[in-house]
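Q: okay, predicted coordinates and the sequence, questions at the end:
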Amino acid sequence: MANDSQAFLNRCFLFDIETNEKGEIYSLGAWYNGKKFNSRQGRKVRREELAEFDTFVSGAEFVLGHNILSHDLPCLHERAPTLAILQKPVVDTLYLSPLAFPENPYHRLVKNYQIVRDSINNPAEDAVLAGKVFIEQWDVFLQLLAGGSDTPLIYRGFFHQVDRFAGISAAFEAMGVPLVAGDDLYDAFSWCIQNDVCRDARNRLIEQLVDGRMEHPPLAYVLAWLVVSGGNSVLPPWVRHHFPVVPTIIHQLREQPCTNPHCDYCKTNHNPKFFLKNYFGFEDFRSAPATEDGQSLQGVIVSAAARNASLFATLPTGGGKTLCYLLPALMRYRRCNSLTIVISPLQALMKDQVENFSKQTGTTLAAAINGMLSMPERGEVMDGVRLGDVGVLYVSPEQLRNRSFVQTISQCEIGAWVFDEAHCLSKWGHDF
């Protein structure tokens, strides 16, 4: 298997560039057929060097690199649009990473847009490292095929629809992934996601595909996310940036309940009582306090919050208000891996709240960040938030002034903001 991947790499030239803040190329490196190419260090890459580079890799069939479709190749095109290499099909390992490693897109060699480097500012070495990433991805896709998974076939079918991704389709072909197209592709996709989405929403999505109203490549990332949905299935920020329709489709498939009695997904995942019993061990919500028409006020609040409604709830002490935000938070996390942020002024109680949630639900989805944590403890929680392991995050108000905290949560799908002890809002003032 490794020999097959190396044989494909031998048909590619691997390259990487470095640019400055003006977008000028100041370093370029490549690997092809066992040889390396490096531009002269310490100055902008000249046109003569680009021509030399074009000649160096002229025999390659494919271009391979990391984040080259959106960064490196456009930079080269702006600088020298007549380069022959710009006409070759492209294999971008950035686009393959979330498909190969959906449960953790930030695997050990890739973090967000960047490859984890073995060296500093050495494009030729970074190009070689992209080849290592590709071999890891190749091995994973072969394992999926050997296990009888249809996902590689669907991935190839979706990318094959767009000329820009012809190189990715060719890479799948070299792996031995058959090409599935037309109704066969849509049927395979529909079958793969049937247990993980709303039945009616799935049918509407397939209709859009058949009618040509939906782009195909984004659905590869929808499928990869659904394969590991309900757990560690965070969407990389770059996927949200390049394919903003992906989170929208996921929400349409999983966050909007239908009334179809035959939809098992909605009957379970939009049913607060199912989560109440299976995670908290209660058969029903508290009967008191009750609404004017005799319903459980706690149950009405939870149902509204589970539908992602904005609401203000006030309950007497002992009325079960904590459950009113924790149960919907758990439901949102299981449906879309979204994060619920609970702002609380009671730092001393956060640890108890996290421990109680973990004990009640049998999960480790809750965490807290406040001034009482050590730096290693804080770093561990922040990593959990980044990787989608945390579904409920307790924070003290001053954390919203912390730049690293704000940057971390800005990359997350935030399902709800919860203000515990909401009367403190008046003390925090308008600036808060």
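A: Everything's here; your move.
Q: apart from its chain neighbours, what residue comes closest to residue 384?
A: Distance criterion CB to CB, 6 or more residues apart in numbering; nearest residue to residue 384, sequence neighbours excluded, is residue 390 at 4.4 Å. From N, CA and C alone the C-beta is placed, and that goes for glycine too.
Q: and that neighbour, what is it in contact with?
A: With contact set as CB atoms under 8 Å, 6 or more residues apart in numbering, residue 390 has these partners: 339, 365, 366, 367, 381, 384.
Q: same question for residue 320.
A: 285, 286, 298.
Q: how about the residues you listed in CSV, adding pLDDT?
A: Shown next, in CSV, are the contacts of residue 320 (pLDDT from 0 to 100):
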residue, pLDDT
285, 94
286, 92
298, 93
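Q: are any of the residues you listed buried, and which?
A: Buried subset of the contacts of residue 320 (neighbour count, 16 or more other CB atoms under 10 Å): 285, 286, 298.
Q: sec struct for residue 258, please.
A: On the three-state scheme (DSSP: H, G, I helix; E, B strand; the rest coil), residue 258 is labelled coil.
Q: local confidence estimate at it?
A: On the pLDDT scale, residue 258 is placed at 93.
Q: same deal with residue 109?
A: In this model, residue 109 carries a pLDDT of 65.
Q: and residue 422, by the same measure?
A: The model reports residue 422 with a pLDDT of 67.
Q: all further residue positions should be reported with the first residue as 20.
A: Sure, I'll start counting at 20 from here, so that last one is residue 441.
Q: confidence score at the residue nearest to residue 403?
A: Confidence score, pLDDT, at residue 409: 94.
Q: now do residue 145
A: pLDDT, read off for residue 145, is 88.
Q: burial of it, as a residue count?
A: Number of residues near residue 145 (other CB atoms under 10 Å) recorded here: 25.
Q: how about residue 335: what's its closest non-neighbour residue?
A: Nearest one to residue 335, counting by CB to CB, 6+ apart, is residue 308 at 6.7 Å.
Q: that older thread, make CSV out of the buried ones among the contacts of residue 339 and add secondary structure and distance to residue 45.
A: Formatted as CSV, the entries for these read as follows, by DSSP: H, G, I helix; E, B strand; the rest coil; distance: CB to CB, whole Å:
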residue, secondary structure, distance to residue 45
304, coil, 63
305, coil, 65
317, helix, 62
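Q: reformat those as JSON lines; add distance to residue 245.
A: Formatted as JSON lines, those follow (distance: CB to CB, whole Å):
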{"residue": "304", "distance to residue 245": "30"}
{"residue": "305", "distance to residue 245": "35"}
{"residue": "317", "distance to residue 245": "32"}
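Q: how deep is residue 303 tucked in, by neighbour count?
A: Residue 303: 11 neighbours (other CB under 10 Å).
Q: now do the SS call for it.
A: Recorded secondary structure, residue 303: coil (three-state DSSP).
Q: quick check: closest non-adjacent residue to it.
A: Nearest to residue 303 is residue 292, by CB to CB, 6+ apart, at 6.9 Å.
Q: can I assume that neighbour sits in a strand?
A: No - counting by three-state DSSP, residue 292 is located in no strand; its state is helix.
Q: mind checking how far it is from residue 318?
A: According to CB to CB, to the nearest Å, residue 292 and residue 318 sit 8 Å apart.
Q: more crowded one of the two?
A: residue 318 (22 against 15).
Q: okay but the more buried one is in contact with residue 302, surely?
A: No - in this structure, residue 318 is not within contact of residue 302 by CB atoms under 8 Å, at 11.9 Å.
Q: what's the following helix or strand after the lengthiest helix in the chain?
A: Longest helix of the chain, by residue count under DSSP state H: helix 142-165. Note on helix 142-165: by DSSP states H and E, the next helix or strand toward the C-terminus is helix 170-178.
Q: angle of that following helix against helix 142-165?
A: Using axes from the mean of the first three to the mean of the last three CA atoms, to 10 degrees, one finds that helix 170-178 and helix 142-165 are set 120 degrees apart in direction.
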